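Participant: Here is the input, now give the coordinates:
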Amino acid sequence: MKTNRVYVDTSVYGGILDEEFRSASLKFFELIKSGRFQVVTSSIVEKEIQPAPPAIRHLFDDILSIAELVPVSQEAIGLRNFYLKHEIITSRWADDALHVALATISDCPMIISWNFTHIVHFDKIPLYNAVNLMKGYKQIAIYSPLEVI
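Facilitator: This next block holds a predicted model:
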């Protein structure tokens, strides 16, 4: 079975405590632990997890032991700024665009998120990919955990 490299944003960890997303989130993390997915995460996820309930922090720490942690680089900030310049989302939600940028520059074929407003959205996905192509990056597949389990 091929291991897929995936960037996992903060919402997926939080999904374990959400009644609607709990089952799919837990199944997704089981697949990670079984080796189906190679997780890439970032210092921005780590920062966003800090105020979360203990169960979410514990899961993140557990996954972090097998994940690749990428820093927020100037390259990622530059790509995020292009997403904002092209009005994919507003600067109020810049960290959501930063997740997509970090996944893109980390050469992840996929980003996994429960964020249906700013990331996993049928209007936004082609726009993120258009900017990626314009800036010389690969397109990225954007899915919810439910779509990959």
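Participant: which stretches of the protein aren't confidently modelled?
Facilitator: Residue ranges of the chain with pLDDT under 70: 1-3.
Participant: Next, the buried residues of stretch 112-121.
Facilitator: Buried residues in stretch 112-121, counted by 16 or more other C-beta atoms under 10 Å: I112, S113, W114, N115, H118, I119, V120, H121. Glycine gets a C-beta too; all of them are placed from N, C-alpha and C.
Participant: end-to-end on it?
Facilitator: 12 Å (C-alpha to C-alpha, to the nearest Å).
Participant: what do you get for stretch 117-132?
Facilitator: 19 Å.
Participant: contacting residues around it?
Facilitator: 9, 79, 82-83, 86, 88-89, 93, 96-97, 99-100, 104, 111, 113-114, 138-140, 142-144 (C-beta atoms under 8 Å, 6 or more residues apart in numbering).
Participant: where does Q74 sit relative to A67, distance-wise?
Facilitator: To A67, Q74 is 22 Å away according to C-beta to C-beta, to the nearest Å.
Participant: who's more crowded, those two?
Facilitator: Neighbours were counted for Q74 and for A67 using other C-beta atoms under 10 Å; A67 has more, 20 against 7.
Participant: quick one, what contacts the more buried one?
Facilitator: By C-beta under 8 Å, 6+ apart, A67 lies in contact with V8, V39, V40, T41.
Participant: And for I77?
Facilitator: L98, A101.
Participant: in the helix or strand harbouring it, what's buried?
Facilitator: Here I77, judged by DSSP states H and E, is contained in helix 74-85. For helix 74-85, the neighbour count (16+ other C-beta under 10 Å) marks A76, L79, R80, F82, Y83, L84 as buried.
Participant: quick one: the strands in the chain?
Facilitator: Ranges of strands in the chain, per DSSP state E, are 4-8, 37-42, 68-70, 110-112, 141-143.
Participant: which one of those strands has the most crowded surroundings?
Facilitator: With neighbours taken as mean count of other C-beta atoms under 10 Å, these reach their highest mean count in strand 110-112, at a mean of 25.
Participant: the helices in the protein, which residues?
Facilitator: 10-14, 22-33, 43-49, 54-64, 74-85, 94-105, 125-134, 145-148 (DSSP state H).
Participant: Dump those into a markdown table; add distance to N4 as well.
Facilitator: Shown next, in a markdown table, are the helices of the chain (distance: least, C-beta to C-beta, whole Å):
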| stretch | distance to N4 |
| --- | --- |
| helix 10-14 | 14 |
| helix 22-33 | 10 |
| helix 43-49 | 18 |
| helix 54-64 | 15 |
| helix 74-85 | 21 |
| helix 94-105 | 12 |
| helix 125-134 | 18 |
| helix 145-148 | 8 |
